[in-house]
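Chemist: Quick one: sequence plus predicted model below, questions after.
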Amino acid sequence: MSSVGSTNLHVGAAVAEIEGLYTALRGARDEHHRERILADLAEAGRRLTARTHPAPGNRAALRPRSRWERRRLLAARGADLVATFATGGGRGRWPRLRNRP
């Protein structure tokens, strides 16, 4: 089991990767390059989501969230949005955000 500090470091690295890919996407040279970056961005979003979501069995014991847990939750929601739009699931509309406990 990893420590909270280690988890926060991994989440921060994943967010930085997404920011870098988004910046690269804005300066994409051509459609092929843009498609490759979008695929990488979607995969990075999935990795961030997997990193920030708790294991399915841990939902029974709800406790107050720390500041870092709230940040991880917000990062996961942002990753969901990025993955939705990068894979074309947004269809020009903002997807409805799910309420997560």
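Modeler: On my side now, so go ahead.

Chemist: Residue 40 touches residue 21, doesn't it?
Modeler: Yes: with contact defined as Cβ atoms under 8 Å, residue 40 reaches residue 21; the gap is 5.6 Å. For glycine as for every other residue, the C-beta is placed from the backbone atoms N, C-alpha and C.

Chemist: Which one's more surrounded, the two?
Modeler: Neighbour totals were compared for residue 40 and residue 21, and residue 21 leads with 21 against 17 (other Cβ atoms under 10 Å).

Chemist: Who are the packing partners of the helix or strand hosting that one?
Modeler: For residue 21, the element it lies in under DSSP states H and E is helix 4-26. Contact partners of helix 4-26 among helices and strands, from 3 or more Cβ pairs under 8 Å, 6 or more residues apart in numbering; DSSP states H and E: helix 31-52, helix 67-86.

Chemist: Contacts for it, please.
Modeler: 2, 34, 37-38, 40-41, 44-45, 47-48, 51-52, 66, 68, 71-72, 75, 78-79, 82 (Cβ atoms under 8 Å, 6 or more residues apart in numbering).

Chemist: quick one: the spatially most central residue of the chain and residue 30, what's the gap?
Modeler: When the chain is reduced to its mean C-alpha position, the nearest residue by Cα atoms, centre = their mean turns out to be residue 79, at 2.2 Å. Per Cβ to Cβ, to the nearest Å, residue 79 is found 26 Å from residue 30.

Chemist: now do residue 51
Modeler: Counting by Cβ to Cβ, the gap from residue 51 to residue 30 is 32 Å.

Chemist: Drop anything exposed from the contacts of helix 4-26.
Modeler: The neighbour-count criterion (16 or more other Cβ atoms under 10 Å) marks 37-38, 40-41, 44-45, 47-48, 51-52, 71-72, 75, 78-79, 82 among the contacts of helix 4-26 as buried.

Chemist: Model confidence at the closest residue to residue 42 other than its chain neighbours, what's the number?
Modeler: Closest residue in space to residue 42, ignoring its immediate chain neighbours: residue 86 at 4.1 Å, by Cβ to Cβ, 6 or more residues apart in numbering. Confidence at residue 86, expressed as pLDDT, is 77.

Chemist: Spell out which residues sit in contact with residue 86, please.
Modeler: 38, 39, 41, 42, 45.
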